[in-house]
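**Q** Here's a sequence, model it:
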Amino acid sequence: QVQLVESGGGLVQAGGSLRLSCAASGRTFSAYTMGWFRQTPGKEREFVAAISWSGGRPYYADSVKGRFTISRDNAKNTVYLQMNSLKPEDTAVYYCAARPSIIVPTTISDYDYWGQGTQVTVSS
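**A** Numbering: from 1, shown residues only. The predicted model follows:
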């Protein structure tokens with residue numbers, strides 16, 4: 001069992017940056033693949049980025065590639081999402097997710113644990 005708590009969301013102007021954090025409970029954090037997803041009202045939750053247990057093999061949605069960076073610190077049980085060059089279309093609730101696996105899935109149904117989400121709003 002793992003519990004996830006996101007933080008770092010807020011309001012930022014277009015072109016700005018934010019760094020989201022996701023703190024995980026439990027002693028086996030390093031065994032989990034971690035992902036970030038986002039959701040806007042009336043739309044399905046979508047994949048943003050994911051990273052393997054070792055910190056290698058990051059995957060990104062095409063819409064954020066080159067602007068967002070996912071990373072993790074297993075000593076701190078935390079995964080990060082650095083978001084640069086933000087656009088109004090990045091506005092969403094961002095969710096952290098975890099899966100006890102060595103593979104790095106990009107679909108919602110493949111993740112077992114979810115945080116409550118943090119709001120990111122990008123103004124134009």
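**Q** Sketch out the strands for the protein, chain order is fine.
**A** Ranges of strands in the chain, per DSSP state E, are 4-7, 10-13, 18-24, 33-39, 46-51, 59-60, 68-73, 78-83, 92-99, 113-114, 118-123.
**Q** so which of these comes closest to Thr106?
**A** Checking the strands of the chain against Thr106 by CB to CB gives strand 46-51 as the closest, at 4.5 Å. C-beta: built from backbone N, CA, C; applies to glycine.
**Q** Packing partners of the closest one?
**A** Here strand 46-51 touches strand 33-39, strand 59-60, strand 68-73, strand 78-83, going by 3 or more CB pairs under 8 Å, 6 or more residues apart in numbering; DSSP states H and E.
**Q** Give me whichever of these is most buried.
**A** strand 33-39 (a mean of 24; mean count of other CB atoms under 10 Å).
**Q** show me where pLDDT drops low in this structure?
**A** 27 (pLDDT under 70).
**Q** Could you rerun that using 50?
**A** Counting by pLDDT under 50, not a single residue of the chain qualifies.
**Q** sorry, back to before: with distance to Thr106 added, can I get the strands of the chain in a markdown table?
**A** Below are these laid out as a markdown table (distance: least, CB to CB, whole Å):
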| stretch | distance to Thr106 |
| --- | --- |
| strand 4-7 | 18 |
| strand 10-13 | 25 |
| strand 18-24 | 17 |
| strand 33-39 | 7 |
| strand 46-51 | 5 |
| strand 59-60 | 6 |
| strand 68-73 | 12 |
| strand 78-83 | 15 |
| strand 92-99 | 11 |
| strand 113-114 | 15 |
| strand 118-123 | 20 |
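**Q** Quick one: closest of those strands to Thr107.
**A** strand 46-51 (7.0 Å).
**Q** quick one, what contacts the residue nearest the centre of the chain?
**A** Nearest to the mean C-alpha position of the chain, counting by CA atoms, centre = their mean, stands Trp36 at 2.3 Å. By CB atoms under 8 Å, 6 or more residues apart in numbering, the residues touching Trp36 are Leu20, Cys22, Val48, Ala49, Ala50, Ile70, Val79, Leu81, Tyr94, Tyr95, Cys96, Ala97.
**Q** Having no further points to raise, I will conclude here.
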